[in-house]
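Trainee: Quick check, what structure comes out for this input:
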Amino acid sequence: MTFPPDDPWGTPAPAPGNPPPPPPGVSAFPPAIPQQVPSGFPAPAASGPVIVQIAEIEITSTTIRTPAGDFPLAGSRWQVNEFWVTQRRTPLWAKIAGVALAPCTAGLALLLFLVKESVPLGTTTVTLTSGPQQYVARIPVHDEGDVITINQQVNYVRSLAAL
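Mentor: Next up, the predicted model:
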């Protein structure tokens with residue numbers, strides 16, 4: 001596209017030889033092509049309701065739905081990895097009490113800023129492999145109970161995949 005020489009900030013004029021833009025309300029793009037199933041995988045049928053959901057991965061009785069596409073449940077392999085970091089920080093109650101009590105105690109309340117608590121932070125990755133395709137979901141976790149729940153869900157899906 002080229003700009004008219006007299007108005008550099010105006011709307012661009014169509015370049016010579018190009019078709020004019022479509023009228024409003026008409027798409028300039030061709031209609032979407034239906035997604036094709038890769039060879040070696042059966043076409044996904046009506047898979048039914050969602051049995052288990054692990055982050056953005058939805059598992060039905062025959063299909064695994066991910067943002068990257070659908071995978072067959074049968075023969076899928078699952079792996080769970082945990083990555084933990086323990087962060088030490090001053091709790092909020094100590095900050096508030098230290099600031100509020102500092103004038104009354106001639107600054108001795110500022111020693112409350114030395115109080116530390118350990119906060120576990122982490123990420124659990126769930127890796128799904130089905131044939132040549134793979135999908136990884138990263139799930140933030142805040143305590144050990146979250147990790148136990150994710151492991152239980154993945155073990156249940158593993159048992160479904162083995163059927």
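Trainee: For the residue of the chain positioned farthest from its centre, which three-state class applies?
Mentor: Relative to the centre of the chain, and counting by CA atoms, centre = their mean, the farthest-placed residue is residue 106 at 49.4 Å. Recorded secondary structure, residue 106: coil (DSSP: H, G, I helix; E, B strand; the rest coil).
Trainee: for residue 113, same thing?
Mentor: helix.
Trainee: which non-adjacent residue is nearest it?
Mentor: residue 98 (5.2 Å; CB to CB, 6 or more residues apart in numbering). Using the backbone N, CA and C atoms, a C-beta is placed for each residue, glycine as well.
Trainee: What distance do you get for that neighbour to residue 119?
Mentor: Distance, residue 98 to residue 119, by CB to CB, to the nearest Å: 19 Å.
Trainee: out of those two, which sits in the more crowded spot?
Mentor: Legend: neighbour count by other CB atoms under 10 Å for residue 98 and residue 119, higher for residue 98 (20 against 13).
Trainee: and the more buried one, what helix or strand is that in?
Mentor: Element membership for residue 98 (DSSP states H and E) is helix 92-101.
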